[in-house]
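**Q** got a predicted structure here, sequence first:
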Amino acid sequence: MKSIINGKLYVNGKFYNDKVIVFQERITHIYTMDEYEYYKKDNRITEEIDAGNQFIVPGFIDVHIHGYKGVDVMDGEPSSLVQLSEGILENGVTAYLPTTMTMPLEKIRAALDSIEIVMKNSDDMNSKGAMILGAHLEGPFINKKYKGAQPENFIIAPDLSLIEDYEQVIKVVTIAPEIKGALPLMDRYKDSINFSIGHSAASYEEAMEAFGSGAKSVTHLFNAMTGLHHRKPGIVGAALTCDCYCEIIADKFHVHENLFQLLLKSKGLDRILLITDCMQAGGLSEGKYELGGLEVTVNNKQCRLNDGTIAGSVLRLNEGLYNFSESIVEKLEHVIPLVTSNQATYLNVEEEMGTLEVNKLANIVLINSKIEVSKTIVRGKVVYENQL
C-alpha cells in the first residue's frame, strides 16, 4: 500500500487538511489522520508520500491535444504516442484523447491505427505515461469556410467507413453539422461517439438542430465557428443557451480572460471542458514547427500559419487551469472539475477516474497554489516528479 499525507486532499468538491489517501493501482481508503495512524498499526505502507501542504487532486484529462515536445499525433507512430503520453505528465495530465487533423484519409487511418495499438498494449508500451482513452477526430468532416489551420484540400463529406472501422477507438468527432451527411452520421453513432460542433458555419437554428440530433459539445468555443450577434446568435449563441459541453482554450489568447466569468455564469461549473489544443511545439522554444503538414510559427506563445491564421496552441493544461482560476471569483476548489470530473463524465469514464474516491484508479496529481505540478501518479505509480 502507498499513501499521501500532509496535503490538502480534494474530496467531494472540497479540500481537507486532515485526510490521507491510501492506494495501490486503485484508491483503497480515504482516512482522517487519526484513522490512518490506527490503520498503519496492522497494515504495511510501502511508500508514504509527504505532500508538504500541497494540493492533492485527481489527475487531469485533456480531451483535445495534437502533440507535445516535438511529436504529433499525425506522425502515425506508436512511439510518438508513447512520447506524448510521457511528456504531458509534467502538466498533470493522467489521461487524454490524442487528436487527429484534417489530412489524407490514409494518414488519419495510420494515426488511428497507432492509437489503437498503444491502447491495446498499454501495459507494455505506455505503462509510464498518461492513459489514452481513445481518439478525438477533429475533421475531416468540417466546413471550408471555418477550416482554421485544417488543410482545405483534405476536407471531405462524412465517411461512414472511417467511423465504422474505428468505432471502438473514436470517442469524439468534431463536425460541421450543416454539411451534407452530417446529421445522419450523428444520428447513427450518437450512442457511442460524442459529436462536437466545430469548424462550422452553422446558424443558431442549425446548431440547435444538431444538439437535438445528438451533438454533445462544441469544439474550442468562439474559435472557428459563427460568432454571437444579437440578430444572428450563431453557434456561440446556441452553445451558451443549451445544455452542452464547451471546450475552452484558456491561454487568454484564444478566449479573452474577461469572458471566463461570463462562461461560468452561462454554462455552470459542470459543462466547461478546459483543453489545450496543443501542437508539437508545446514545451519547446519558440520558432517554426508543423501542424497537419502546415508550417506554424510560434511567437509570444501564439501559434500561427504563414497567413496569420491561428493554429492550435502551446498551452499546458495546468497552466490553462491557473489562467482560468485567476480570472474568476470562484475558489480553486470550484474549478478543479473543469479538468477532471467534467471530462470523465463527458467520456463516460466517471466510474474509473475524474474524482478521488475509493475503488477508482489512483490517478493523482500534487500541485502548489500556482498549479505547478510536483508529482503525477498514474494507476498508482509515481511517473513524474519535480522539486518545486
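**A** Arrived safely, thanks for sending.
**Q** make it CA atoms for all contacts and neighbour counts henceforth
**A** OK.
**Q** helix or strand for Ile27, which one?
**A** strand 27-32 (DSSP states H and E).
**Q** for that strand, what is the average pLDDT?
**A** The average of the pLDDT scores along strand 27-32 is 98.
**Q** go on, stretch 199-207?
**A** Per-residue scores along stretch 199-207 average to 98.
**Q** pull up the distance across that stretch, start to finish.
**A** End-to-end distance for stretch 199-207: 12 Å, by C-alpha to C-alpha, to the nearest Å.
**Q** quick one: buried residues of it?
**A** If you call a residue buried by 16 or more other C-alpha atoms under 10 Å, then stretch 199-207 has these buried ones: 199-204, 206-207.
**Q** one more: stretch 76-88?
**A** Quick answer for stretch 76-88 (16+ other C-alpha under 10 Å): 76-78, 80-88.
**Q** roughly how far is that stretch from the heart of the chain?
**A** Chain-centre distance of stretch 76-88: 16 Å, with C-alpha atoms, centre = their mean, to the nearest Å.
**Q** got it, and stretch 199-217?
**A** The answer for stretch 199-217 is 21 Å, by C-alpha atoms, centre = their mean.
**Q** identify the residues contacting that stretch?
**A** 142-148, 174-178, 183, 186-187, 190, 194-197, 219, 223-226, 232-239, 244-247 (C-alpha atoms under 8 Å, 6 or more residues apart in numbering).
**Q** and with 6 Å instead?
**A** Residues outside stretch 199-217 that contact it (C-alpha atoms under 6 Å, 6 or more residues apart in numbering) are 142-143, 146-147, 176, 178, 187, 190, 194-196, 224-226, 233-235, 238, 244-246.
**Q** got a PyMOL select line for the buried ones in those?
**A** Typed into PyMOL, the line below selects the buried ones among the contacts of stretch 199-217, using 16+ other C-alpha under 10 Å:
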select buried, resi 142+143+146+147+176+178+190+194+195+196+224+225+226+233+234+235+238+244+245+246
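**Q** from the contacts of stretch 199-217, which land in strands?
**A** 194-196, 245-246 (DSSP state E).
**Q** now do the strands in the stretch 201-350 of the chain.
**A** 215-218, 245-249, 272-275, 287-291, 294-299, 302-305 (DSSP state E, counting those that start in this stretch).
**Q** any idea which helix or strand of the protein has the worst average confidence?
**A** Within the chain, no helix or strand scores below helix 122-125, which has a mean of 87 by mean pLDDT, DSSP states H and E.
**Q** quick check, pLDDT for the residue nearest the centre of the chain.
**A** The centroid of the chain falls nearest to Asp62 when counting by C-alpha atoms, centre = their mean (1.7 Å). pLDDT recorded at Asp62 is 99.
**Q** equivalent analysis for the one 4 residues further on, please.
**A** Reading off the confidence values, His66 has pLDDT 97.
**Q** so who does it touch?
**A** 72-73, 99, 278-279.
**Q** repeat that with 10 Å
**A** 72-74, 84, 97-101, 136, 138, 276-282, 291-292, 312-313 (C-alpha atoms under 10 Å, 6 or more residues apart in numbering).
**Q** tell me how the protein divides into domains.
**A** 2-56+355-385, 59-346 (automatic domain parsing).
**Q** just name the most buried of the ones you listed.
**A** Using mean count of other C-alpha atoms under 10 Å, the stretch among the domains of the chain with the largest mean neighbour count is domain 59-346, at a mean of 21.
**Q** average pLDDT for the lengthiest strand in the chain?
**A** Looking across the chain with DSSP E, the single longest strand is strand 93-100. Across strand 93-100, the average pLDDT comes to 98.
**Q** and it, how far out from the chain's middle?
**A** 6 Å.
**Q** same question, stretch 99-111
**A** 19 Å.
**Q** and for stretch 327-345?
**A** Using C-alpha atoms, centre = their mean, the offset of stretch 327-345 from its chain centre is 13 Å.
**Q** helices of the chain, start to end?
**A** 33-40, 78-87, 105-120, 122-125, 160-165, 182-189, 204-212, 234-241, 260-267, 317-326, 332-335, 341-346 (DSSP state H).
**Q** mean pLDDT lowest where, among the ones you listed?
**A** Looking at these, the weakest mean confidence is helix 122-125, a mean of 87.
**Q** contact partners of that helix?
**A** Contacts of helix 122-125 (C-alpha under 10 Å, 6+ apart): 78-79, 81-82, 116-119, 128-132.
**Q** and the two most separated of those residues?
**A** Glu116 and Lys128 (17.4 Å; C-alpha to C-alpha).
**Q** coming back round to it: adjacent strands (with direction) for the strand holding Ile27?
**A** strand 19-23 (antiparallel) (DSSP bridges).
**Q** so Glu385 touches Val373, yeah?
**A** Yes - using C-alpha atoms under 10 Å, Glu385 is in contact with Val373, at 8.0 Å.
**Q** give the residues shared as contacts by those two.
**A** 89-90, 366.
**Q** now render those residues as a markdown table, adding distance to Ser3 and pLDDT.
**A** Below are these laid out as a markdown table (distance: C-alpha to C-alpha, whole Å; pLDDT from 0 to 100):
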| residue | distance to Ser3 | pLDDT |
| --- | --- | --- |
| Leu89 | 20 | 98 |
| Glu90 | 21 | 98 |
| Leu366 | 13 | 98 |
